[in-house]
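Colleague: The sequence and its predicted three-dimensional model are supplied below.
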Amino acid sequence: MDNQVITTIVSTGGAVIVGLGGMWIATNQIGKRIDDVVKRLDRLEDSFATFRDVMNSKLAAMDLEIARILDKIGGAK
């Protein structure tokens with residue numbers, strides 16, 4: 001074989017190996033980033049659920065207080 005052909009084959013093989021390695025690393029990094037986003041969304045969902053529960057209890061207390069006030073106003077007639 002000619003030296004130029006051997007050099008081309010070795011260079012191409014090396015480029016393929018480097019390219020596949022780079023794609024593997026990039027894929028792993030993307031997977032880690034997706035996992036991070038999922039964790040953040042889970043925490044956000046938990047925070048929202050807590051906020052919703054607090055707001056629902058406050059609104060229920062306010063509704064009860066309004067009902068008491070309306071009962072007093074209606075009972076005073």
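Modeller: Now that the structure is in, tell me what you want to look at. Numbers count the residues shown, from 1 in each chain.
Colleague: Now do the helices in the chain.
Modeller: With DSSP state H, the ranges of helices along the chain come out as 3-75.
Colleague: which stretches of it have low pLDDT?
Modeller: 1, 75-77 (pLDDT under 70).
Colleague: How many neighbouring residues does residue 52 have?
Modeller: Neighbour count for residue 52, taken as other CB atoms under 10 Å: 10. (Each C-beta comes from the backbone N, C-alpha and C, glycine too.)
Colleague: repeat for residue 73
Modeller: Neighbours of residue 73 using other CB under 10 Å come to 9.
Colleague: quick one, what contacts it?
Modeller: Going by CB atoms under 8 Å, 6 or more residues apart in numbering, residue 73 touches no other residue.
Colleague: And it, how far from residue 66?
Modeller: 10 Å (CB to CB, to the nearest Å).
Colleague: And residue 44, by the same measure?
Modeller: 32 Å.
Colleague: And residue 30, by the same measure?
Modeller: Taking CB to CB, one finds residue 30 at 52 Å from residue 66.
Colleague: Residue 7 now?
Modeller: Distance from residue 7 to residue 66, by CB to CB: 86 Å.
Colleague: what does residue 10 give?
Modeller: Residue 10 is 83 Å from residue 66, by CB to CB.
Colleague: swap in residue 72?
Modeller: 11 Å.
Colleague: How about residue 9?
Modeller: 84 Å.
Colleague: what's the answer for residue 35, then?
Modeller: 46 Å.
Colleague: got it, and residue 11?
Modeller: Residue 11 is 80 Å from residue 66, by CB to CB.
Colleague: next one: residue 22
Modeller: 64 Å.
Colleague: neighbouring contacts of stretch 9-28?
Modeller: Here stretch 9-28 has no contacts from other residues, using CB under 8 Å, 6+ apart.
Colleague: could you dump that stretch to PDB, C-alpha only?
Modeller: Provided in PDB are the C-alpha atoms of stretch 9-28 (Å, rounded to 0.1, in the frame of the first residue of the first chain):
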ATOM      1  CA  ILE A   9      -6.900   5.500   6.600                       C
ATOM      2  CA  VAL A  10      -5.200   6.200  10.000                       C
ATOM      3  CA  SER A  11      -6.300   9.800  10.000                       C
ATOM      4  CA  THR A  12      -9.900   8.900   9.100                       C
ATOM      5  CA  GLY A  13     -10.000   6.200  11.700                       C
ATOM      6  CA  GLY A  14      -8.700   8.700  14.300                       C
ATOM      7  CA  ALA A  15     -11.200  11.300  13.300                       C
ATOM      8  CA  VAL A  16     -14.000   8.800  13.600                       C
ATOM      9  CA  ILE A  17     -12.900   7.700  17.100                       C
ATOM     10  CA  VAL A  18     -12.500  11.400  18.300                       C
ATOM     11  CA  GLY A  19     -16.000  12.200  16.800                       C
ATOM     12  CA  LEU A  20     -17.700   9.300  18.500                       C
ATOM     13  CA  GLY A  21     -16.000  10.100  21.800                       C
ATOM     14  CA  GLY A  22     -17.100  13.700  21.500                       C
ATOM     15  CA  MET A  23     -20.700  12.600  20.700                       C
ATOM     16  CA  TRP A  24     -20.600  10.200  23.700                       C
ATOM     17  CA  ILE A  25     -19.400  13.000  26.000                       C
ATOM     18  CA  ALA A  26     -22.000  15.500  24.700                       C
ATOM     19  CA  THR A  27     -24.800  12.900  25.100                       C
ATOM     20  CA  ASN A  28     -23.800  12.300  28.700                       C
END
